[in-house]
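[1] how would this look folded up:
(chains A and B)
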Amino acid sequence: MKAFFFFVLFLALPAWGGEPVAVFETKPGASVPAPTRVDSFISARLKQLGLPAANLCSDAVFLRRVYLDLLGTLPTGQEAQAFLDSPSPTKRAEWIERLLARDEFADYWGMKWCDLLRVKAEFPVNLWPNAAQAYDRWIRTALKQNIPYSQFARELLTANGSNFRVPQVNFYRSAGSREPKAIARAVALTFLGERTDHWPKAKLDGMAIFFSQIGFKATGEWKEEIVSFNGMGGGHEDPVQATFPDGTSVEISPDQDPRELFADWLLTSKNSPFARNAANRVWFWLMGRGIIQEPDDSRPDNPPSNPELLAFLARELVAAHYDLKHLYRLILNSNTYQRSCIPATPKPEGEANFASYPLRRLDAEVLIDAINQITGASDEYSSMIPEPFTWVPVDKRSIALPDGSISSPFLDLFGRPSRDTGLLSERTNRSTAAQRLHLLNSSHIQKKITGSAKLRALIPPGRPPVEGLAPLYLTVLSRYPTEQEVQEANSYASSSEAKGEQAFFDLAWSLINSAEFLYRH
Amino acid sequence: MKHDPISHMLEHMVSRRQLLRSGSLAAAGLMLGKHLGMASQLATPAPPTAKAKAVIQIWLWGGPSHLDTFDPKPDAGNDYCGPLNKPLATNVDGIVISELMPELAKQADKYSLIRSMTHGSNGHETAAYMVQTGHAEGDRLVYPSMGAVVSLLKGYDGGYKGLVPPYIVLTEPQGRFSEAGFLGPSYKPFATGGDPSKTPFAVQGIVAEGISGKRQEQRRKLLHNMDALSLAMKQNQAMLEFHHAEEGAYDMIMGDGAKIFDVTSEGDKVRQWYGTNTFGQSCLVARRLIERGVRFVTINFKGWDSHKQNFQTMRTKLPQLDAGLAALIQDLSSRGLLDSTIVWCGGEFGRTPKVQWEEPWGGGRGHWGRVFSTFIAGGGFRGGQIVGASDARGEEVKDRPVYPWDLLGSMYEQLGIDPDAKFPRMSDGNVRITQAISGEIKSGGRLREIM
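    Numbers count the residues shown, from 1 in each chain, chains lettered A, B, ... in the order given. From the prediction side, this is the model:
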């Protein structure tokens, strides 16, 4: 760590210490980004409801938020310092671009897509390790290369070949069952955000026809399977009738792969439920709540809270040729995204209409990666089935784990989804007492802190450990400490039973256990 | 959606204190309902009457030699019994056990020995799976261990109101097949970690080594003073939930949770009686847990895979097993708890009756799944009985085979759980608590002779 890192810091302490709210909000008079199209839809809705929007968040909060939301990764102390010290009036927009280009983007969003697509080797999905990893890699590569989302979906829906060599075919192997209706159910959930249990029977039956001729053939290779169009034959010479979810019917001739017809419909149908679903999911992931909530429970009696906004985002996605990063830019650069988490109104309608940024506990994977980044420690991940494919290198970050069957007790405890159903609600970010017990008092976490050479290196050489407080704050909370926090820390260092380095580790422990660290805010 | 035993427990505590309950417990219930149906929906016409309330499973991981423990064969000669050829008579006429278990020899009226356990598998994992789950291998499903099933049916959804989780393992998990199977993480055992023969017994999360009570208090105060977001958003729902969770956690750290595991309060005399080693003190902790209503305690006693130097291993391990298990049985009995507590001791299989004297084994014994012994006491099982028999050299079942599903089925019955009932799962309503008997799956019947 560079020397300037330490000595500048105490001089640079903000003078607004003592008022906790000030940590989280933009100082009065500071230059803020202008409202965008997204904001116009939100403002109109809030005005209609008579609800005030929260203030904009501070730079420190913005930086931490955008790192966690876009990369699932904590900014390092140096990154936080560089951003906070940058005088550029457009630095927020600049850093959004910078982060969109980082590799962790594909790691983190790959994890989210792999949750939806049920990338899991073992029961009940049973992709098996080799295929699960091929599938995982294909998904993450697609995100890294930023292939259009329409192409992504078409490949998943129409690919033929070996589950090892053409990983997209694993989409059909992960539906839980190979029954045409089960596959139709998975397609509707994934690409339309609709649960077919709310559908009339005829609607599901009509859609299932498109997936009725998929063959699954074993090969001589262990667990290899060829997935392909089987022909509409079965002795039939006549065209078969199938019905799209919007009610229009189509005749399928025996030599036609009906999956192609379905993909054509999906990507071009009117009102683009496909684009709306994608836009709503991205909005949900960034804003903590869907415009249609839940984002995978779209139906006529669960309308969007802001239909104009959803229509706008879907149009923008189509116009940008399904470039998902375009949606991220639109959302992240808006004032709506950059609002403080401290609401200006106590009414719950405020948060439901995006008047403030919602608090959410960090995802299990993001949390353990953050703790390991701060302390320089690592965790062990393993699968119930110890195959060579499930061996995980020690420095692997958990957001990049390639298979839902590979886990750790920590990830299970903190609500990592089991990837059984593809429902977003599988992930639980609630705080439980067992989680608090683990973070506050387990040897797992305590050893990471007290054994950390990285934390120890934050203490200026030859100085009392408490003087490492400012770099500690930058490393853990991505901000400088307030004056009051410095006083508090000094008083702890001088009066507590823990002395010297031990007191410093207790300070690190307290920051890691703070809501500010544990919650996206 | 995932959950875990400690949260299960703590939410329960928290709810008793009339704090937040609704959210995660309901959510967990919802998810469980979707996968399995709740315990109350279990398709049981009339569950058997419960005699036992709890189980202590002493798991001798690796597979203990049946000839050197509960089924001695002194007449089989040196190639079979080696130097352990003078078994002890017990306080029950006709029952003899290993000469290395004098304390247990005084208690034989309190337990019974099954000398005809069999499943035929010599692989640790397959054998352990069968003995721990009561299911044969080969099904597509991974079944839960007995402890997880008891936790499902007799835990929080079955009236358990204890302070600590209903299914606890001392100290390390049994591994691959020992846990929740398809029931999911809520039904995993809480593994204590640490070592009860050390002071403090550092129970994971509950007792932190090297941090005094005073420092815990100071840290807690520091945390509150430093937590800017909590201070700025006191009334926020997520922050309220966060703080309730924290209160629950500190109740365990600073309150009664830690006391349950504190064996120093038993005094030196009691601790020495149980044996001042990890196993002995685990038995003592197990008794304390049972006294507080815990439903299923597993003591995972490792080191029985005696391929090499079997007899040296026996001379080290059997005195520990003897002291701890005898003290446990006697202590439970004198406290009136043995009648309602099943104590079950055994491993995944036995060991080759014929000693492998040659190098590299140097007097070792290999794996033996054709016949082995299991110790069972309390919870409605009669003591002082021998069930079944092995042949003259302990190589085959001679009389009355007992398969893992027969043993587990009998224990389930004593607990008031119908072993033939089904787990109502969403996609398949035909998943049984214990293995169905048909075709190649044989049964010797449940242990009626001692029930």
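[2] Phi first, then psi, for residue B:381.
    phi -80, psi 130 (degrees, to the nearest 10).
[3] how near is it to residue B:324?
    Relative to residue B:324, residue B:381 is positioned 20 Å away (criterion: C-beta to C-beta, to the nearest Å). C-beta: built from backbone N, CA, C; applies to glycine.
[4] need the strands for the stretch 101-250 of chain B, in chain order.
    B:111-117, B:167-170, B:190-191 (DSSP state E, counting those that start in this stretch).
[5] ranking the ones you listed by burial, who's on top?
    strand B:167-170 (a mean of 28; mean count of other C-beta atoms under 10 Å in any protein chain shown).
[6] Quick one: list the elements packing against the helix or strand containing residue A:374.
    According to DSSP states H and E, residue A:374 maps onto helix A:364-375. Packing contacts for helix A:364-375, counted by 3 or more C-beta pairs under 8 Å, 6 or more residues apart in numbering or on different chains; DSSP states H and E, involve helix A:409-413, helix A:443-450, helix A:453-456, helix A:500-512.
[7] Domain-wise, how is chain B divided?
    Domain assignment for chain B, taken from automatic domain parsing, gives B:5-205+B:266-450, B:208-260.
[8] just the strands in the stretch 251-400 of chain B please.
    Taking DSSP E, counting those that start in this stretch, the strands of the stretch 251-400 of chain B run over residues B:296-301, B:341-346, B:350-351, B:367-368, B:372-377, B:386-387, B:389-390, B:397-399.
[9] Switch those strands over to CSV; also include mean neighbour count and mean pLDDT.
    Written out in CSV, the entries for those read as follows (neighbours: other C-beta atoms under 10 Å in any protein chain shown; pLDDT from 0 to 100):
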stretch, mean neighbour count, mean pLDDT
strand B:296-301, 25, 96
strand B:341-346, 25, 98
strand B:350-351, 30, 98
strand B:367-368, 22, 97
strand B:372-377, 26, 98
strand B:386-387, 23, 98
strand B:389-390, 20, 98
strand B:397-399, 16, 97
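[10] Quick check: which of those strands is nearest to chain A?
    Chain A lies closest, by C-beta to the nearest C-beta, to one member of those: strand B:296-301, at 16.1 Å.
[11] Chain neighbours aside, what residue packs nearest to whatever residue of the stretch 101-250 of chain B ends up closest to chain A?
    Relative to chain A, the nearest point of the stretch 101-250 of chain B is residue B:248 (3.3 Å; C-beta to the nearest C-beta). Counting by C-beta to C-beta, 6 or more residues apart in numbering or on different chains, residue B:248 lies nearest to residue A:433, which is 3.3 Å off, once chain neighbours are set aside.
[12] Kindly report the same for residue B:273.
    Spatial nearest neighbour of residue B:273, excluding adjacent residues (C-beta to C-beta, 6+ apart): residue B:327 at 5.0 Å.
[13] and residue B:49, backbone torsions?
    Backbone torsions for residue B:49, taken as degrees, to the nearest 10, come to phi -70, psi 130.
[14] mind checking the SS state of the closest residue to it other than its chain neighbours?
    Among residues not flanking residue B:49 along the chain, residue B:416 sits closest, at 6.3 Å (C-beta to C-beta, 6+ apart). For residue B:416, the assignment made with DSSP: H, G, I helix; E, B strand; the rest coil gives coil.
[15] tell me the contacts of residue B:416?
    By C-beta atoms under 8 Å, 6 or more residues apart in numbering or on different chains, residue B:416 lies in contact with B:47-52.
[16] In strands, which of those residues fall?
    With strands taken from DSSP state E, there is no overlap with those.
[17] Out of the residues you listed, which end up buried?
    Buried subset of the contacts of residue B:416 (neighbour count, 16 or more other C-beta atoms under 10 Å in any protein chain shown): B:51-52.
[18] okay, who's weakest in the contacts of residue B:416 by pLDDT?
    Among these, residue B:47 carries the weakest pLDDT, at 76.
[19] returning to that earlier point: show me what the helix holding residue A:374 is in contact with.
    Residues beyond helix A:364-375 that count as contacts (C-beta under 8 Å, 6+ apart) turn out to be A:68, A:72-74, A:76, A:108, A:111, A:361-362, A:377-379, A:397-399, A:401, A:408, A:410-411, A:413-416, A:445, A:448-449, A:451-452, A:454-455, A:475-476, A:508, A:512, A:517-518.
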